[in-house]
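Student: 3D model of this:
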Amino acid sequence: MGSYAVVNPVTGEQVAEYPEISDGELAEVIGTAADTSRAWGRSTTVAERAAVVVKIGDLHTERRDELAAALVEEMGKPLAHAYGEIDFAADIYRYHAEIAEAELADEQIELRAGTGTAIIRNAPLGVILGIMPWNFPFYQTARFAGPNLTIGNSVLLKPAPQCPHTAELIQQIYNDAGAPAGAFTAILASNEQIGTVIADPRVAGVSLTGSERAGSAVAEQAGRHLKKVVLELGGTDPFIVLSTNDLDAVVADLVSARLDNTGQSCNAPKRAIVISELYAEFAAKLAEAMGAIAATEPLSEGAEAGPVSSLTAAERLDDQVQRAVAAGGQITAGGSRSGAFFAPTVITGIPRDSAIYREEMFGPVALVYEVADEAEAIEVANDTPYGLGSYVYTTDSAQAERVADAIDAGMVFVNCVLADGVELPFGGVKRSGFGREMGRLGATEFVNKKLIRIA
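Tutor: Below you'll find the predicted structure:
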(Lines give C-alpha, C1' and ligand atoms only; values in the text may rest on other atoms or scores of the structure.)
Protein backbone atom coordinates (compact mmCIF):
# COMPACT_ATOMS: atom_id res chain seq x y z
CA MET A 1 0.00 0.00 0.00
CA GLY A 2 1.29 3.49 -0.87
CA SER A 3 1.42 6.44 1.49
CA TYR A 4 -1.94 7.77 0.25
CA ALA A 5 -4.77 5.27 0.20
CA VAL A 6 -8.46 5.13 1.06
CA VAL A 7 -9.15 2.22 3.42
CA ASN A 8 -12.76 1.83 4.52
CA PRO A 9 -12.60 1.35 8.32
CA VAL A 10 -15.92 -0.52 8.31
CA THR A 11 -14.58 -3.35 6.16
CA GLY A 12 -10.82 -2.83 6.28
CA GLU A 13 -10.85 -2.88 2.48
CA GLN A 14 -8.48 -0.67 0.50
CA VAL A 15 -10.74 1.22 -1.87
CA ALA A 16 -8.18 3.27 -3.77
CA GLU A 17 -4.48 4.13 -3.82
CA TYR A 18 -2.99 7.42 -4.95
CA PRO A 19 0.59 8.11 -6.07
CA GLU A 20 2.75 10.62 -4.23
CA ILE A 21 3.86 13.74 -6.04
CA SER A 22 7.33 13.61 -7.58
CA ASP A 23 10.08 16.01 -6.51
CA GLY A 24 10.00 17.65 -9.93
CA GLU A 25 6.22 18.11 -9.83
CA LEU A 26 6.46 19.52 -6.33
CA ALA A 27 9.04 22.13 -7.35
CA GLU A 28 6.78 23.16 -10.21
CA VAL A 29 3.75 23.41 -7.92
CA ILE A 30 5.59 25.67 -5.47
CA GLY A 31 6.73 27.89 -8.32
CA THR A 32 3.21 28.21 -9.72
CA ALA A 33 1.81 28.98 -6.26
CA ALA A 34 4.41 31.71 -5.72
CA ASP A 35 3.73 33.23 -9.13
CA THR A 36 -0.03 33.20 -8.51
CA SER A 37 0.32 34.88 -5.12
CA ARG A 38 2.44 37.64 -6.65
CA ALA A 39 0.05 38.08 -9.58
CA TRP A 40 -3.56 37.18 -8.76
CA GLY A 41 -3.06 37.66 -5.03
CA ARG A 42 -1.84 41.24 -5.43
CA SER A 43 -3.56 42.45 -8.60
CA THR A 44 -7.11 41.53 -7.60
CA THR A 45 -9.24 43.26 -5.00
CA VAL A 46 -10.36 41.66 -1.76
CA ALA A 47 -13.92 41.71 -3.11
CA GLU A 48 -12.88 39.83 -6.24
CA ARG A 49 -11.12 37.13 -4.25
CA ALA A 50 -13.99 36.94 -1.77
CA ALA A 51 -16.39 36.25 -4.65
CA VAL A 52 -14.39 33.12 -5.48
CA VAL A 53 -14.48 32.05 -1.83
CA VAL A 54 -18.28 32.45 -1.77
CA LYS A 55 -18.52 30.18 -4.79
CA ILE A 56 -16.32 27.61 -3.04
CA GLY A 57 -18.77 27.57 -0.13
CA ASP A 58 -21.75 27.29 -2.47
CA LEU A 59 -20.19 24.32 -4.26
CA HIS A 60 -19.75 22.53 -0.94
CA THR A 61 -23.49 22.88 -0.43
CA GLU A 62 -24.34 21.81 -3.98
CA ARG A 63 -22.13 18.70 -3.73
CA ARG A 64 -22.84 17.77 -0.12
CA ASP A 65 -24.10 14.26 -0.96
CA GLU A 66 -20.91 13.37 -2.84
CA LEU A 67 -18.69 14.95 -0.19
CA ALA A 68 -20.52 13.21 2.66
CA ALA A 69 -20.16 9.83 0.97
CA ALA A 70 -16.39 10.40 0.74
CA LEU A 71 -16.17 11.17 4.46
CA VAL A 72 -18.07 8.02 5.36
CA GLU A 73 -15.82 5.89 3.18
CA GLU A 74 -12.49 7.45 4.19
CA MET A 75 -12.87 7.54 7.96
CA GLY A 76 -16.21 6.00 8.89
CA LYS A 77 -17.88 9.24 9.90
CA PRO A 78 -21.59 8.76 10.69
CA LEU A 79 -23.60 10.21 7.82
CA ALA A 80 -25.37 12.88 9.86
CA HIS A 81 -22.00 14.05 11.22
CA ALA A 82 -20.62 14.13 7.67
CA TYR A 83 -23.41 16.43 6.49
CA GLY A 84 -22.85 18.63 9.53
CA GLU A 85 -19.16 19.00 8.71
CA ILE A 86 -19.81 19.95 5.09
CA ASP A 87 -22.46 22.50 6.00
CA PHE A 88 -20.15 24.07 8.59
CA ALA A 89 -17.30 24.23 6.04
CA ALA A 90 -19.58 25.99 3.55
CA ASP A 91 -20.55 28.54 6.20
CA ILE A 92 -16.88 29.19 7.04
CA TYR A 93 -16.10 30.11 3.44
CA ARG A 94 -19.10 32.43 3.24
CA TYR A 95 -18.29 34.07 6.56
CA HIS A 96 -14.68 34.85 5.64
CA ALA A 97 -15.80 36.23 2.29
CA GLU A 98 -18.33 38.42 4.10
CA ILE A 99 -15.89 39.95 6.60
CA ALA A 100 -12.82 40.10 4.35
CA GLU A 101 -13.09 43.69 3.17
CA ALA A 102 -13.59 45.07 6.67
CA GLU A 103 -10.89 42.94 8.30
CA LEU A 104 -8.32 43.53 5.57
CA ALA A 105 -8.97 47.24 5.13
CA ASP A 106 -6.17 49.72 5.76
CA GLU A 107 -5.94 50.88 9.37
CA GLN A 108 -5.21 54.57 9.88
CA ILE A 109 -2.71 55.51 12.57
CA GLU A 110 -3.02 58.87 14.28
CA LEU A 111 0.44 60.45 14.30
CA ARG A 112 1.70 61.94 17.55
CA ALA A 113 4.41 63.99 15.81
CA GLY A 114 5.26 65.15 12.32
CA THR A 115 3.05 65.63 9.28
CA GLY A 116 1.58 63.30 6.72
CA THR A 117 -0.12 59.97 7.16
CA ALA A 118 0.54 56.43 8.36
CA ILE A 119 -1.43 53.29 7.72
CA ILE A 120 -1.16 49.57 8.41
CA ARG A 121 -1.89 47.57 5.27
CA ASN A 122 -2.80 43.88 5.51
CA ALA A 123 -0.69 42.55 2.65
CA PRO A 124 -0.35 38.93 1.53
CA LEU A 125 2.62 36.92 2.79
CA GLY A 126 2.87 34.59 -0.21
CA VAL A 127 2.56 30.80 -0.19
CA ILE A 128 1.11 29.13 2.91
CA LEU A 129 1.38 25.39 3.54
CA GLY A 130 -1.50 23.68 5.32
CA ILE A 131 -0.94 20.25 6.86
CA MET A 132 -4.41 18.98 7.62
CA PRO A 133 -5.75 15.96 9.58
CA TRP A 134 -8.11 13.12 8.71
CA ASN A 135 -10.89 13.76 11.21
CA PHE A 136 -12.48 16.85 9.59
CA PRO A 137 -10.90 17.21 6.14
CA PHE A 138 -13.47 19.64 4.68
CA TYR A 139 -13.92 21.74 7.82
CA GLN A 140 -10.22 21.99 8.62
CA THR A 141 -9.36 22.98 5.07
CA ALA A 142 -12.10 25.62 5.05
CA ARG A 143 -10.92 27.37 8.18
CA PHE A 144 -7.32 27.41 6.93
CA ALA A 145 -7.70 28.03 3.19
CA GLY A 146 -10.77 30.29 3.10
CA PRO A 147 -9.22 33.30 4.84
CA ASN A 148 -5.88 32.84 3.09
CA LEU A 149 -7.49 33.11 -0.33
CA THR A 150 -9.25 36.33 0.65
CA ILE A 151 -5.89 37.70 1.87
CA GLY A 152 -4.28 36.87 -1.47
CA ASN A 153 -2.00 34.11 -0.25
CA SER A 154 -1.64 30.93 -2.28
CA VAL A 155 -2.39 27.68 -0.48
CA LEU A 156 -0.69 24.29 -0.60
CA LEU A 157 -2.79 21.57 1.08
CA LYS A 158 -1.06 18.46 2.39
CA PRO A 159 -3.92 16.12 3.36
CA ALA A 160 -3.71 13.19 5.76
CA PRO A 161 -2.50 9.96 4.09
CA GLN A 162 -5.95 8.38 4.41
CA CYS A 163 -7.75 11.36 2.85
CA PRO A 164 -6.57 11.65 -0.76
CA HIS A 165 -10.09 11.41 -2.17
CA THR A 166 -11.51 14.28 -0.12
CA ALA A 167 -8.45 16.34 -1.10
CA GLU A 168 -9.20 15.56 -4.75
CA LEU A 169 -12.81 16.67 -4.30
CA ILE A 170 -11.72 19.91 -2.60
CA GLN A 171 -9.27 20.62 -5.43
CA GLN A 172 -12.05 20.18 -7.97
CA ILE A 173 -14.29 22.58 -6.06
CA TYR A 174 -11.59 25.29 -6.05
CA ASN A 175 -10.99 24.77 -9.75
CA ASP A 176 -14.71 24.93 -10.57
CA ALA A 177 -15.16 28.04 -8.39
CA GLY A 178 -12.71 29.95 -10.55
CA ALA A 179 -9.61 29.95 -8.37
CA PRO A 180 -6.66 30.36 -10.75
CA ALA A 181 -4.03 27.66 -11.13
CA GLY A 182 -1.70 27.85 -8.16
CA ALA A 183 -4.11 29.60 -5.79
CA PHE A 184 -4.97 26.26 -4.17
CA THR A 185 -3.11 23.03 -4.80
CA ALA A 186 -3.51 19.71 -3.00
CA ILE A 187 -0.15 17.95 -2.82
CA LEU A 188 0.15 14.26 -1.95
CA ALA A 189 3.65 14.70 -0.52
CA SER A 190 5.78 12.56 1.77
CA ASN A 191 6.97 13.81 5.14
CA GLU A 192 10.45 14.27 3.67
CA GLN A 193 9.05 16.36 0.84
CA ILE A 194 7.09 18.48 3.32
CA GLY A 195 10.40 19.32 4.98
CA THR A 196 11.58 20.58 1.60
CA VAL A 197 8.42 22.68 1.20
CA ILE A 198 8.88 24.30 4.60
CA ALA A 199 12.50 25.10 3.80
CA ASP A 200 11.65 26.69 0.43
CA PRO A 201 12.11 30.49 0.65
CA ARG A 202 8.95 31.03 -1.42
CA VAL A 203 6.85 29.45 1.33
CA ALA A 204 6.02 32.03 3.98
CA GLY A 205 4.13 30.10 6.64
CA VAL A 206 2.72 26.81 7.85
CA SER A 207 -0.60 25.89 9.46
CA LEU A 208 -0.87 22.43 10.99
CA THR A 209 -3.76 20.67 12.66
CA GLY A 210 -2.79 17.31 14.05
CA SER A 211 -0.95 15.49 16.79
CA GLU A 212 1.42 17.00 19.31
CA ARG A 213 4.23 14.95 17.81
CA ALA A 214 3.56 16.25 14.29
CA GLY A 215 3.22 19.81 15.57
CA SER A 216 6.53 19.67 17.40
CA ALA A 217 8.32 18.35 14.31
CA VAL A 218 6.82 20.95 11.98
CA ALA A 219 7.40 23.81 14.44
CA GLU A 220 11.05 22.78 14.74
CA GLN A 221 11.49 22.77 10.97
CA ALA A 222 9.64 26.05 10.55
CA GLY A 223 11.64 27.69 13.32
CA ARG A 224 14.86 26.64 11.66
CA HIS A 225 13.76 28.53 8.54
CA LEU A 226 12.07 31.42 10.39
CA LYS A 227 8.57 30.69 9.10
CA LYS A 228 5.37 31.74 10.84
CA VAL A 229 3.42 28.78 12.24
CA VAL A 230 -0.12 28.20 13.47
CA LEU A 231 -0.62 24.94 15.37
CA GLU A 232 -3.87 23.31 16.49
CA LEU A 233 -2.92 20.13 18.31
CA GLY A 234 -4.49 17.77 20.83
CA GLY A 235 -6.63 18.33 23.88
CA THR A 236 -7.89 16.68 27.05
CA ASP A 237 -10.69 19.17 27.47
CA PRO A 238 -12.34 19.26 30.91
CA PHE A 239 -16.10 19.15 31.40
CA ILE A 240 -16.62 20.67 34.85
CA VAL A 241 -19.96 20.11 36.61
CA LEU A 242 -20.42 22.26 39.72
CA SER A 243 -24.20 22.73 39.91
CA THR A 244 -27.26 22.18 37.75
CA ASN A 245 -31.03 22.20 37.79
CA ASP A 246 -31.18 19.39 35.24
CA LEU A 247 -28.55 16.68 35.61
CA ASP A 248 -30.06 14.58 32.82
CA ALA A 249 -29.57 17.45 30.37
CA VAL A 250 -25.96 17.90 31.46
CA VAL A 251 -25.26 14.20 30.95
CA ALA A 252 -26.94 14.32 27.54
CA ASP A 253 -24.74 17.26 26.56
CA LEU A 254 -21.59 15.37 27.50
CA VAL A 255 -22.67 12.25 25.61
CA SER A 256 -23.52 14.16 22.42
CA ALA A 257 -20.28 16.14 22.52
CA ARG A 258 -18.08 13.20 23.45
CA LEU A 259 -19.51 11.05 20.66
CA ASP A 260 -19.40 13.76 17.99
CA ASN A 261 -17.35 12.33 15.12
CA THR A 262 -17.16 9.10 17.16
CA GLY A 263 -15.12 10.88 19.79
CA GLN A 264 -12.41 11.92 17.35
CA SER A 265 -12.45 15.67 17.87
CA CYS A 266 -9.57 17.69 19.34
CA ASN A 267 -11.82 19.95 21.39
CA ALA A 268 -14.34 17.35 22.53
CA PRO A 269 -14.90 17.18 26.30
CA LYS A 270 -12.84 14.19 27.38
CA ARG A 271 -12.62 14.52 31.19
CA ALA A 272 -15.76 14.99 33.29
CA ILE A 273 -14.80 16.69 36.55
CA VAL A 274 -17.79 16.52 38.89
CA ILE A 275 -18.45 18.03 42.33
CA SER A 276 -18.84 15.40 45.06
CA GLU A 277 -22.53 15.94 45.76
CA LEU A 278 -23.39 15.24 42.11
CA TYR A 279 -20.67 12.70 41.31
CA ALA A 280 -22.37 9.36 42.08
CA GLU A 281 -25.60 10.20 40.28
CA PHE A 282 -23.78 11.80 37.35
CA ALA A 283 -21.40 8.84 36.91
CA ALA A 284 -24.29 6.36 37.01
CA LYS A 285 -26.37 8.31 34.49
CA LEU A 286 -23.38 8.76 32.19
CA ALA A 287 -22.56 5.05 32.24
CA GLU A 288 -26.18 4.20 31.45
CA ALA A 289 -26.37 6.71 28.59
CA MET A 290 -23.05 5.77 27.00
CA GLY A 291 -23.70 2.06 27.46
CA ALA A 292 -27.01 2.35 25.60
CA ILE A 293 -25.31 3.58 22.41
CA ALA A 294 -23.72 1.14 19.99
CA ALA A 295 -20.90 1.84 17.56
CA THR A 296 -22.57 0.91 14.30
CA GLU A 297 -22.33 1.09 10.53
CA PRO A 298 -22.04 4.84 9.74
CA LEU A 299 -24.71 4.76 7.02
CA SER A 300 -27.30 3.15 9.31
CA GLU A 301 -30.23 5.35 10.23
CA GLY A 302 -29.66 7.40 13.38
CA ALA A 303 -26.04 6.27 13.82
CA GLU A 304 -24.55 8.15 16.78
CA ALA A 305 -21.13 6.48 16.65
CA GLY A 306 -19.37 4.64 13.86
CA PRO A 307 -15.99 2.96 13.71
CA VAL A 308 -12.92 4.95 14.64
CA SER A 309 -10.85 6.02 11.68
CA SER A 310 -8.79 2.86 11.24
CA LEU A 311 -7.92 -0.48 12.79
CA THR A 312 -4.66 1.03 14.00
CA ALA A 313 -6.52 3.84 15.77
CA ALA A 314 -8.85 1.31 17.43
CA GLU A 315 -5.93 -0.79 18.61
CA ARG A 316 -4.21 2.29 20.02
CA LEU A 317 -7.36 3.30 21.90
CA ASP A 318 -7.80 -0.26 23.21
CA ASP A 319 -4.24 -0.18 24.54
CA GLN A 320 -4.93 3.11 26.32
CA VAL A 321 -8.11 1.75 27.92
CA GLN A 322 -6.29 -1.36 29.12
CA ARG A 323 -3.49 0.75 30.57
CA ALA A 324 -6.06 2.94 32.33
CA VAL A 325 -7.55 -0.15 33.97
CA ALA A 326 -4.11 -1.47 34.89
CA ALA A 327 -3.40 1.86 36.59
CA GLY A 328 -6.53 1.54 38.74
CA GLY A 329 -9.36 2.91 36.60
CA GLN A 330 -12.75 1.19 36.49
CA ILE A 331 -14.74 0.63 33.29
CA THR A 332 -18.41 1.35 34.02
CA ALA A 333 -19.66 1.13 30.42
CA GLY A 334 -18.32 -0.26 27.16
CA GLY A 335 -14.63 -1.05 26.92
CA SER A 336 -14.91 -3.61 24.11
CA ARG A 337 -13.60 -3.48 20.54
CA SER A 338 -14.55 -5.31 17.34
CA GLY A 339 -12.22 -4.44 14.48
CA ALA A 340 -12.29 -0.65 14.13
CA PHE A 341 -15.54 -0.39 16.12
CA PHE A 342 -15.06 0.68 19.73
CA ALA A 343 -18.00 0.65 22.14
CA PRO A 344 -18.77 4.00 23.82
CA THR A 345 -16.89 3.71 27.10
CA VAL A 346 -16.81 5.33 30.54
CA ILE A 347 -13.83 5.02 32.90
CA THR A 348 -13.73 6.35 36.46
CA GLY A 349 -11.02 6.69 39.04
CA ILE A 350 -7.83 6.89 36.96
CA PRO A 351 -5.11 7.90 39.48
CA ARG A 352 -3.56 11.30 38.89
CA ASP A 353 -0.05 9.89 39.34
CA SER A 354 -0.42 7.42 36.44
CA ALA A 355 1.07 8.03 32.99
CA ILE A 356 -2.25 7.44 31.22
CA TYR A 357 -3.86 10.25 33.24
CA ARG A 358 -2.34 12.92 31.00
CA GLU A 359 -2.85 11.21 27.64
CA GLU A 360 -5.50 12.20 25.12
CA MET A 361 -7.90 9.36 24.24
CA PHE A 362 -9.01 9.99 20.67
CA GLY A 363 -12.20 7.99 20.47
CA PRO A 364 -15.55 7.39 22.22
CA VAL A 365 -14.16 7.22 25.77
CA ALA A 366 -15.26 9.52 28.61
CA LEU A 367 -13.22 9.79 31.81
CA VAL A 368 -14.86 10.84 35.09
CA TYR A 369 -13.21 12.39 38.17
CA GLU A 370 -14.67 13.42 41.53
CA VAL A 371 -13.67 16.71 43.16
CA ALA A 372 -14.55 18.27 46.49
CA ASP A 373 -15.05 21.88 45.46
CA GLU A 374 -14.50 24.60 42.87
CA ALA A 375 -10.83 24.99 43.70
CA GLU A 376 -10.10 21.30 43.20
CA ALA A 377 -12.12 21.30 39.97
CA ILE A 378 -9.89 24.06 38.58
CA GLU A 379 -6.77 22.27 39.79
CA VAL A 380 -7.74 19.02 38.07
CA ALA A 381 -8.88 20.83 34.92
CA ASN A 382 -5.49 22.54 34.59
CA ASP A 383 -3.49 19.42 35.49
CA THR A 384 -2.80 18.57 31.86
CA PRO A 385 -0.14 19.49 29.32
CA TYR A 386 -2.94 20.60 26.97
CA GLY A 387 -5.11 23.69 26.87
CA LEU A 388 -7.50 23.66 23.92
CA GLY A 389 -11.15 23.87 24.97
CA SER A 390 -13.07 23.53 28.22
CA TYR A 391 -16.66 23.33 29.47
CA VAL A 392 -18.20 24.60 32.71
CA TYR A 393 -21.68 23.79 34.04
CA THR A 394 -22.97 25.89 36.91
CA THR A 395 -26.11 27.77 37.92
CA ASP A 396 -23.98 30.51 39.53
CA SER A 397 -23.02 33.20 37.00
CA ALA A 398 -20.31 34.64 39.25
CA GLN A 399 -18.80 31.18 39.63
CA ALA A 400 -18.90 30.73 35.86
CA GLU A 401 -16.85 33.90 35.42
CA ARG A 402 -14.33 32.86 38.08
CA VAL A 403 -13.82 29.39 36.71
CA ALA A 404 -13.63 30.58 33.10
CA ASP A 405 -10.90 33.05 34.08
CA ALA A 406 -8.98 30.39 36.01
CA ILE A 407 -8.92 27.66 33.34
CA ASP A 408 -5.77 27.47 31.22
CA ALA A 409 -7.37 26.96 27.82
CA GLY A 410 -7.92 28.80 24.57
CA MET A 411 -11.71 28.39 24.74
CA VAL A 412 -14.28 28.13 27.53
CA PHE A 413 -17.92 27.20 26.93
CA VAL A 414 -20.34 27.73 29.82
CA ASN A 415 -23.49 25.57 30.04
CA CYS A 416 -23.25 24.49 26.39
CA VAL A 417 -21.48 22.11 24.04
CA LEU A 418 -21.12 21.89 20.26
CA ALA A 419 -21.44 25.68 20.24
CA ASP A 420 -18.59 26.43 17.83
CA GLY A 421 -19.41 29.10 15.27
CA VAL A 422 -17.79 30.58 12.20
CA GLU A 423 -17.47 33.89 14.04
CA LEU A 424 -15.76 32.33 17.08
CA PRO A 425 -11.95 32.02 17.12
CA PHE A 426 -10.59 28.49 17.55
CA GLY A 427 -7.25 27.61 19.15
CA GLY A 428 -5.42 26.72 22.34
CA VAL A 429 -2.47 27.23 24.65
CA LYS A 430 0.22 25.02 26.20
CA ARG A 431 0.82 21.87 24.15
CA SER A 432 -2.44 22.36 22.29
CA GLY A 433 -0.62 24.85 20.07
CA PHE A 434 -0.84 28.55 19.27
CA GLY A 435 -2.47 30.91 16.83
CA ARG A 436 -6.16 31.14 15.97
CA GLU A 437 -8.42 30.07 13.14
CA MET A 438 -11.95 31.22 12.31
CA GLY A 439 -13.56 34.41 13.49
CA ARG A 440 -11.96 37.81 13.07
CA LEU A 441 -8.68 36.58 14.58
CA GLY A 442 -8.39 33.84 11.96
CA ALA A 443 -8.99 36.30 9.14
CA THR A 444 -5.58 37.94 9.53
CA GLU A 445 -3.25 35.25 10.92
CA PHE A 446 -1.15 35.09 7.74
CA VAL A 447 -0.82 38.73 6.70
CA ASN A 448 2.06 41.16 6.52
CA LYS A 449 0.89 44.06 8.65
CA LYS A 450 2.84 46.53 6.59
CA LEU A 451 3.40 50.07 7.86
CA ILE A 452 3.22 52.76 5.17
CA ARG A 453 4.33 56.18 6.44
CA ILE A 454 4.04 59.14 4.10
CA ALA A 455 5.46 62.53 5.08
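
Student: and the residue nearest to Ser432 when sequence neighbours are not counted, how far from Pro78?
Tutor: Take Ser432 and drop its neighbours on the chain: the residue closest to it by Cβ to Cβ, 6 or more residues apart in numbering is Leu388, 3.9 Å away. All C-beta spots, glycine's among them, are computed from the backbone N, C-alpha and C. Going from Leu388 to Pro78 by Cβ to Cβ, to the nearest Å gives 23 Å.

Student: for Gly421, same thing?
Tutor: Taking Cβ to Cβ, one finds Gly421 at 22 Å from Pro78.

Student: one more: Gly130?
Tutor: Spatial separation of Gly130 from Pro78 under the definition Cβ to Cβ is 26 Å.

Student: more neighbours, these two?
Tutor: More crowded of Gly130 and Pro78, by other Cβ atoms under 10 Å: Pro78, with 26 against 23.

Student: is the more buried one in contact with Asp260, as I believe?
Tutor: No: here Pro78 lies out of contact with Asp260, judged by Cβ atoms under 8 Å, at a distance of 9.4 Å.

Student: quick check: closest non-adjacent residue to Gln221.
Tutor: Nearest one to Gln221, counting by Cβ to Cβ, 6+ apart, is Ile198 at 4.8 Å.

Student: tell me the secondary structure of that neighbour, please.
Tutor: Per DSSP: H, G, I helix; E, B strand; the rest coil, the secondary structure class of Ile198 is helix.

Student: thought it was touching Val206?
Tutor: Yes: here Ile198 reaches Val206: they are 6.0 Å apart, a contact under Cβ under 8 Å.

Student: name the residues contacting each of the two.
Tutor: Residues touching both Ile198 and Val206 (Cβ atoms under 8 Å, 6 or more residues apart in numbering): Leu129, Val218, Ala222, Lys227.

Student: you'd agree Val251 is in a strand?
Tutor: No: per three-state DSSP, Val251 lies outside any strand segment and is helix.

Student: how close does it sit to Ala377?
Tutor: 17 Å.

Student: what do you get for Leu169?
Tutor: 44 Å.

Student: comparing those two, which residue is more hemmed in?
Tutor: Each of Leu169 and Ala377 has its neighbours counted (other Cβ under 10 Å); Ala377 has more, 25 against 21.

Student: wait, that one sits on Ala272?
Tutor: No: Ala377 is beyond contact range of Ala272, at 10.7 Å (criterion: Cβ under 8 Å).

Student: got the buried residues for the helix ranked longest in the chain?
Tutor: Selection of the longest helix in the chain by residue count, based on DSSP state H, yields helix 79-104. Applying a neighbour-count criterion of 16 or more other Cβ atoms under 10 Å, one finds 79, 81-100, 103-104 buried in helix 79-104.

Student: next one: stretch 427-439
Tutor: Applying a neighbour-count criterion of 16+ other Cβ under 10 Å, one finds Gly427, Gly428, Lys430, Arg431, Ser432, Gly433, Phe434, Gly435, Arg436, Glu437, Met438, Gly439 buried in stretch 427-439.

Student: now the fourth one: closest residue in space, sequence neighbours ignored.
Tutor: Going back to what we said before, that points to Arg431. Pro385 (4.4 Å).

Student: now the first one
Tutor: By the measure of Cβ to Cβ, 6+ apart, the closest residue to Gly427 outside its immediate chain neighbours is Arg436, 4.1 Å from it.

Student: report the contact partners of that neighbour.
Tutor: Residues near Arg436 by Cβ under 8 Å, 6+ apart: Val230, Gly410, Pro425, Phe426, Gly427, Gly442, Glu445.

Student: if we go to 6 Å?
Tutor: Taking Cβ atoms under 6 Å, 6 or more residues apart in numbering, we find Arg436 in contact with Pro425, Gly427, Gly442.

Student: for burial, what's the neighbour tally of the first one?
Tutor: Counted with other Cβ under 10 Å, the neighbours of Pro425 add up to 17.

Student: quick check: end-to-end length of stretch 321-335?
Tutor: Using Cα to Cα, to the nearest Å, the end-to-end distance of stretch 321-335 comes out at 7 Å.

Student: ok, now stretch 338-348?
Tutor: Distance between the two ends of stretch 338-348: 22 Å, counting by Cα to Cα.

Student: got the contact list for that stretch?
Tutor: Against stretch 338-348 from outside (Cβ under 6 Å, 6+ apart): 9, 283, 286-287, 290, 293, 295, 305, 307-308, 311, 314, 317, 324, 329-336, 363-368.

Student: gap between that stretch and the chain center?
Tutor: 22 Å (Cα atoms, centre = their mean, to the nearest Å).

Student: partners of the nearest residue to Ala105 once chain neighbours are set aside in the sheet?
Tutor: The shortest distance from Ala105 to any non-neighbouring residue, by Cβ to Cβ, 6+ apart, is to Asn122 (7.7 Å). Judged by DSSP bridges, the bridge partners of Asn122 are Lys449.
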